[in-house]
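Visitor: Kindly generate the corresponding structure for this input.
(2 chains, ligands or ions: 1)
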Amino acid sequence: MDWHQLWSIASAPDNVPIVALIPLLIFYIYLAWKQASANDALLAELETSPALAKTHHRKTWPFRPGWQKEVHVWPFLLRIEFLAAIIVTIVLMVWSITLNAPLEEPSNPNLTMNPAKAPWYFLGLQEMLVYFDPWIAGVVMPTLIIIGLMVIPYIDTNPLGNGYYTWKQRKFAIGTFLFGFIILWVSMIIIGTFIRGPGWQWFWPGQTWDHNRLIYVVNRDLPDLFGITSNLAKGIFGVIVVGGFYAIGGFVAHALFRRYNPKDYRRMSLLQYSIMMLFLLTMVALPIKMLIRLLFHIKYVWITPWFNV
Amino acid sequence: MPDKDNDTKPNGNRVGLLERVKSGVKEDVQSLKTDIPAKAKEQIDILKDPTRTQVYTSIFRHKHDETPRNRALGVLSNVFLHLHPAKINRDAVRYSYTWGMGGITFYLFIVLTFTGVLLMFYYHPSKVQAFRDVLYLEHDVPFGKLLRNMHRWAAHLMVIAVWLHMFRVFLTGSYKKPREFNWNIGVLLLVFTLLLSFTGYLLPDDQLGFWAVTVGTNMARATPLLGHEGPFGPLLHMTPYNDIRFGLLGGSIVDANALLRSYIWHCIGIPIVASVLMIVHFWRVRKDGGISGPAAVILPGDIKEKK
Ligand code: HEM
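Guide: From the prediction side, this is the model:
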């Protein structure tokens, strides 16, 4: 165990934010979960007794008849904002006094940094470079993430859970978002920050970085495994594999979705449904592609003269 | 005005100049003796209650006492505070609902603008000067190091705060009707926050920034259609000298032009766009009916499903 190596990564000034992000995320997930389970318990109670549902104010916070439903912004909100500003300022001051922003040697195009890492918030995309060509990892994926986020309000037709924390009423939406945000985005960043060393190779936390380590992995392409040699056949093969993934995956997802989310399924228009499926399958494709690389050393599944997937 | 005791004066009705001056001065002295203390007393009374002065009432257009009306006016008649409504949902002030993350993000943006402008006084976006300016800031400028650190860490913190803000907006379902559009403005703000951070990374012109930006912009080579190594790029006659990466960097390598472009995007272009988007974002929060919750929970039975 090379504690020094681990410490030098975790304490690198620019990595401190991501070290801080982890406990923050845990805390806020806990805070959300606490409120969600309280609301879910209330929902369960109200569902079993319609009489109560008619009279209850339907919040987990206390409320009595005669209490005002609204409070004045001054002072009740503004004092909190003021306090928050002071706390953030103090945190920033202390952080800035105790920890210096990094400054390396002057830039030098002839002296490559190894590993050359993007800022931590882009490391998830850089990690994807291991599994995908740059045009996918660097261009298509960010574009899809942005568009995917933007379509969320238009494809989520579930009217429940608007304005309160809940898990029971939005399992699919929240589950998908957690998968995308925590598994695909944050954990890839953590891998990129703590695990990738020189040559973007995998070094377990505490393993010493070896700048001369070379790993010979022979990566094969899927068409080669099937003995396909001609370019045309490779192209067609790829279309079939990728198209097959979307077709079969789409069918499986359809079968599951209409069974377990019948209400959402009924509400969604064809356009909403196909957009959701497209993004869902593309999201699921990432870990699948990673797995077949890690398990079977497969680099590309679809090879064309212009691009490879 | 005809004088009634004309004849008693030795010089008829013509009073001597000296005498007139004398009596005038006497009056002035008398007035000083009586008026000034009176005015002073009045002045002290006014100063005891500054809210009655003209300066005060010209700035604050209403009283500051604890009536509901004045509490509301205090918020509504202030250009900065009137971002808020006068009253809000009693539970929305609980920290556990919004986590205050939108507000903290905005506050960090203000801190960044403030420290950023101060940094601009010392920084020249040129290959010769940039790195030296940062060294100068670190070692010679009073509080320069603190200034740079604060700018750097506030930027990182802002990225974290935006993510957490988006996370809570998602978890509370606040993007649902009628807030779909504001969620989209938010997504754009997220993108611009990341771009602000990224363009700032190059500015110290050190190895860290240089290689991070090199790695980042190398991906632009591979842009489909618009990059010289991207799918179909060569078919559209893309070369390292005319593709999208060239446009971003102002050259085929990360060099002086890239530094200048980064600087302009970082200090002028993106902040302006982001500010405009924030104005729209806040406006829409109000227009969409204020903060979404904590709302009364909805039972599935409350919803009328269409058959
Ligand atoms: C520079 C970045 C941003 C700033 C300064 C900002 C600021 C704010 C503020 C102050 C609020 C009021 C409520 C609160 O504090 O939670 C708010 C609400 C909201 N924000 Fe943002 N925001 C930003 C980015 C985003 C992003 C990335 C998203 C989503 C992708 C988003 C979506 C929303 C939505 C939907 C609301 C309404 C929430 C509700 O009514 O409960 N914003 N924003």
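Visitor: can we go C-alpha only for contacts and neighbour counts from here?
Guide: OK.
Visitor: Spell out which residues sit in contact with the closest residue to A:Leu99 other than its chain neighbours, please.
Guide: Leaving out its chain neighbours, the residue that sits closest to A:Leu99 by Cα to Cα, 6 or more residues apart in numbering or on different chains is A:Pro13, at 6.9 Å. Listed by Cα atoms under 8 Å, 6 or more residues apart in numbering or on different chains, the contact set of A:Pro13 reads A:Leu99, A:Asn100, A:Ala101, A:Pro102.
Visitor: Do you know the pLDDT at the first one?
Guide: Here the pLDDT value assigned to A:Leu99 is 91.
Visitor: quick one: whatever residue of the stretch 201-309 of chain A ends up closest to the ligand from A:Tyr273, how far?
Guide: Nearest residue of the stretch 201-309 of chain A to the ligand (Cα to the nearest ligand atom) works out as A:Phe279 at 16.8 Å. A:Phe279 sits 10 Å away from A:Tyr273, taking Cα to Cα, to the nearest Å as the criterion.
Visitor: Can I get the buried part of the contacts of A:Pro13 as one ChimeraX selection?
Guide: Of these, the buried ones go into a single ChimeraX selection, burial set by 16 or more other Cα atoms under 10 Å in any protein chain shown:
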select /A:99,100,101
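Visitor: With secondary structure added, can I get the contacts of A:Pro13 in a markdown table?
Guide: As requested, these are exported to a markdown table (DSSP: H, G, I helix; E, B strand; the rest coil):
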| residue | secondary structure |
| --- | --- |
| A:Leu99 | coil |
| A:Asn100 | coil |
| A:Ala101 | coil |
| A:Pro102 | coil |
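Visitor: And A:Trp306, how far from B:Ala222?
Guide: From A:Trp306 to B:Ala222 the distance is 11 Å (Cα to Cα).
Visitor: coming back round to it: I figured the residue of the stretch 201-309 of chain A closest to the ligand hits A:Gly148, correct?
Guide: Yes: counting by Cα atoms under 8 Å, A:Phe279 does reach A:Gly148; the two are 6.7 Å apart.
Visitor: show me where the chain has helices.
Guide: If you meant another chain, say so; for now it's chain A. A:3-10, A:16-48, A:50-55, A:73-76, A:78-98, A:123-128, A:134, A:141-155, A:171-178, A:187-190, A:222-225, A:231-260, A:262-267, A:270-296 (DSSP state H).
Visitor: Sorry, I should have been clearer: chain B.
Guide: B:17-48, B:54-59, B:68-76, B:95-98, B:101-120, B:130-139, B:144-171, B:180-202, B:207-221, B:244-249, B:256-264, B:270-287.
Visitor: Quickly check: the fourth one near chain A or not.
Guide: Right, helix B:95-98. Yes: Helix B:95-98 reaches chain A (Cα under 8 Å from any Cα of the partner chain) through B:Ser96.
Visitor: gap between that helix and the chain center?
Guide: Taking Cα atoms, centre = their mean, to the nearest Å, one finds helix B:95-98 lying 23 Å from the centre of the chain it belongs to.
Visitor: Can you give me the buried ones in it?
Guide: B:Ser96, B:Tyr97, B:Thr98.
Visitor: Just send those residues back as CSV, with distance to the ligand and pLDDT too.
Guide: Formatted as CSV, the buried residues of helix B:95-98 follow (distance: Cα to the nearest ligand atom, whole Å; pLDDT from 0 to 100):
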residue, distance to the ligand, pLDDT
B:Ser96, 11, 92
B:Tyr97, 8, 94
B:Thr98, 5, 94
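Visitor: how about CSV for the residues you listed, with distance to B:Pro68 added?
Guide: Converted to CSV, the buried residues of helix B:95-98 look like this (distance: Cα to Cα, whole Å):
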residue, distance to B:Pro68
B:Ser96, 26
B:Tyr97, 25
B:Thr98, 25
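Visitor: and of these, the nearest to chain A?
Guide: Nearest to chain A among the buried residues of helix B:95-98: B:Ser96, at 6.9 Å, using Cα to the nearest Cα.
Visitor: Distance check, A:Ile26 against chain B.
Guide: Computed as Cα to the nearest Cα, to the nearest Å, the A:Ile26 to chain B distance reads 11 Å.
Visitor: Phi first, then psi, for the residue nearest to A:Asn308 when sequence neighbours are not counted.
Guide: Of all residues not flanking A:Asn308 in the chain, A:Trp302 sits nearest, at 5.6 Å (Cα to Cα, 6+ apart). The phi/psi pair for A:Trp302 (degrees, to the nearest 10) reads phi -140, psi 120.
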